[in-house]
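[1] got a structure for you, letters missing:
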DNA sequence: AAATTCCGACCGACCGGTCGGTCGTTTATA
DNA sequence: TATAAACGACCGACCGGTCGGTCGGAATTT
């Protein structure tokens, strides 16, 4: 396996379990089955590892959503698929979500201090544009009711984020699992003709 | 001013700016205008300061929402007021939101010793129950359409969280500000008769 | 009311553990 | 054998938490 990737995978595991700060480079090395010094052959600093994780998350997310958009599914199906990312997420990538939460906070803080942090913002705007286009197409094709596309797109993205956010503390809560599904169904009912 | 409160206020400022880990007890002391040792006269550890902040956030939030519920406003007005918490939040308490984001992640990880992670969960369930009751009353009074109350309540809470979450990175973005308002309007249109 | 004792809030120098990052050495590879 | 890759002991900055000491004022004694 590519060693850089191997280190990133180890880092995700360690950071998810320990947090960005408590997660030690030494632990990452152990987890990756290599020496600590080797980590520094591939990354200049701990910060650079954070960056790498963030970049992968962002490009993975966008790739996935773009793939959905360019498929031949109906608009309804496309939106449903996007919703399912949040529903399924727990089984698939909740490790990285914990990390993203912290990176997000760090990012915001960087912004406050004047750092340039267009990455997350850019991802959001791209995501928003894609969802907006799908919604607009759905309206045109009479799948969805007439709507304020920007408003609905924002509401949808916010809801999906919120669900992920809440899923973090409601791990393994059957009742919450049902609520999530009901929420998305309620949303779909609100837009589908 | 009560010194404990004074320390907590200083801590919120410091942690919001530096993060939970980088925020130093020494800085809190300086910010509070007291000596470092004095901090430890009022709090046993840094962790205990985290918990104090978390407790205040939770009880403030619930107090506020309970106050809205028990008012004489129409159900529509009540839901609108709850939505406005997320909209206005930025000007009022965005400092603490950054901290809450990190505490939330820590909580999930179960890293805080002696910390009862049912606090956030409990707050959410209470919040959910209150919103559900308001929605149900609104339906009964023919203000709202018939709906799956659990689904809509979950969707609403998730959307509000998501908006806060996104607001963190879209600071001072006029366009996003408009999107937020449009999102909430879209939601209200979906439920009001 | 002056002098003395007592109290505890306040302080910050210091200690000890931690961990990111370095670098000289060892091992693998070409 | 030369070059590159891997390694982990080591360094030192950093910071949470401690503790012996200070000091202003309240209580008590004279």
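    Perfect, I can see it now. All values reported here derive from a predicted model rather than from experimental measurement. Numbering: from 1, shown residues only, chains lettered A, B, ... in the order given.
[2] just name the shakiest helix or strand of chain A by mean pLDDT.
    helix A:75-112 (a mean of 83; mean pLDDT, DSSP states H and E).
[3] do that helix and chain B meet?
    Yes. In terms of C-beta under 8 Å from any C-beta of the partner chain, part of helix A:75-112 sits within range of chain B, namely A:98, A:101-102, A:104-109, A:111-112. Using the backbone N, CA and C atoms, a C-beta is placed for each residue, glycine as well.
[4] for the residues you listed, which one is nearest residue A:184?
    Closest approach between those and residue A:184, by C-beta to C-beta: residue A:101, at 21.3 Å.
[5] ok, and the closest non-adjacent residue to the closest one?
    residue B:105 (4.5 Å; C-beta to C-beta, 6 or more residues apart in numbering or on different chains).
[6] would you mind measuring from that neighbour to residue B:122?
    18 Å (C-beta to C-beta, to the nearest Å).
[7] any buried residues in the helix or strand that the least confident helix or strand of chain A is followed by, and which?
    Scanning forward in sequence from helix A:75-112 by DSSP states H and E, the next helix or strand is helix A:118-140. Buried residues in helix A:118-140, counted by 16 or more other C-beta atoms under 10 Å in any protein chain shown: A:119-121, A:123-124, A:127-128, A:130-132, A:134-135, A:138-139.
[8] in CSV, list the residues you listed along with distance to DNA strand C.
    Below are those laid out as CSV (distance: C-beta to the nearest atom of the strand, whole Å):
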residue, distance to DNA strand C
A:119, 20
A:120, 22
A:121, 25
A:123, 25
A:124, 28
A:127, 31
A:128, 34
A:130, 35
A:131, 37
A:132, 40
A:134, 41
A:135, 43
A:138, 47
A:139, 50
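[9] I'd like these as CSV, with pLDDT appended.
    CSV is the format used below for the buried residues of helix A:118-140 (pLDDT from 0 to 100):
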residue, pLDDT
A:119, 85
A:120, 88
A:121, 91
A:123, 94
A:124, 93
A:127, 96
A:128, 97
A:130, 98
A:131, 97
A:132, 98
A:134, 98
A:135, 97
A:138, 96
A:139, 96
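[10] which one among the residues you listed gets closest to residue B:55?
    For these, the nearest to residue B:55 is residue A:120 (29.7 Å; C-beta to C-beta).
[11] tell me the SS of the spatially most central residue of chain A?
    Using C-alpha atoms, centre = their mean, the residue of chain A that lies closest to the mean C-alpha position is residue A:61, 5.9 Å off. Put simply, residue A:61 is helix when judged by DSSP: H, G, I helix; E, B strand; the rest coil.
[12] how about it, what does it touch?
    Taking C-beta atoms under 8 Å, 6 or more residues apart in numbering or on different chains, we find residue A:61 in contact with A:123, A:127.
[13] run through chain A and note the low-pLDDT ranges.
    Applying pLDDT under 70 to chain A flags residues A:1, A:89-94, A:112-117.
[14] what's the domain layout of it?
    What automatic domain parsing lists as the domains of chain A is A:1-44, A:50-191.
[15] ok, the closest residue to DNA strand D within chain A - how many residues close by?
    Nearest residue of chain A to DNA strand D, counting by C-beta to the nearest atom of the strand: residue A:37, 1.8 Å away. Residues within reach of residue A:37, counting by other C-beta atoms under 10 Å in any protein chain shown, total 9.
[16] likewise for residue A:48?
    By other C-beta under 10 Å, 12 other residues sit near residue A:48.
[17] could you do the one 4 residues further on as well?
    A count of nearby residues for residue A:52, using other C-beta under 10 Å, gives 18.
[18] find the residue closest to it in space, skipping its chain neighbours.
    That would be residue A:8: by C-beta to C-beta, 6+ apart, it lies 5.5 Å from residue A:52.
[19] what residues does chain A put near DNA strand D?
    A:3, A:34-38, A:40-41 (C-beta under 7 Å from any atom of the strand).
[20] now flag whichever of the residues of helix A:75-112 next to chain B is closest to residue A:149.
    Checking the residues of helix A:75-112 next to chain B one by one against residue A:149 (C-beta to C-beta), the nearest turns out to be residue A:104, at 25.6 Å.
[21] report how many residues lie close to residue A:34.
    Residues near residue A:34, counting by other C-beta under 10 Å: 17.
[22] I figured it hits residue A:7, correct?
    Yes. Contact criterion C-beta atoms under 8 Å: residue A:34 and residue A:7 qualify, at 7.5 Å.
[23] determine which two of the residues of chain A next to DNA strand D are furthest apart.
    Greatest spatial distance in these: A:3 and A:36, 13.8 Å, computed using C-beta to C-beta.
[24] next, the buried residues of stretch A:37-56.
    Buried residues in stretch A:37-56 (16+ other C-beta under 10 Å): A:39, A:42-43, A:46, A:49-50, A:52-54.
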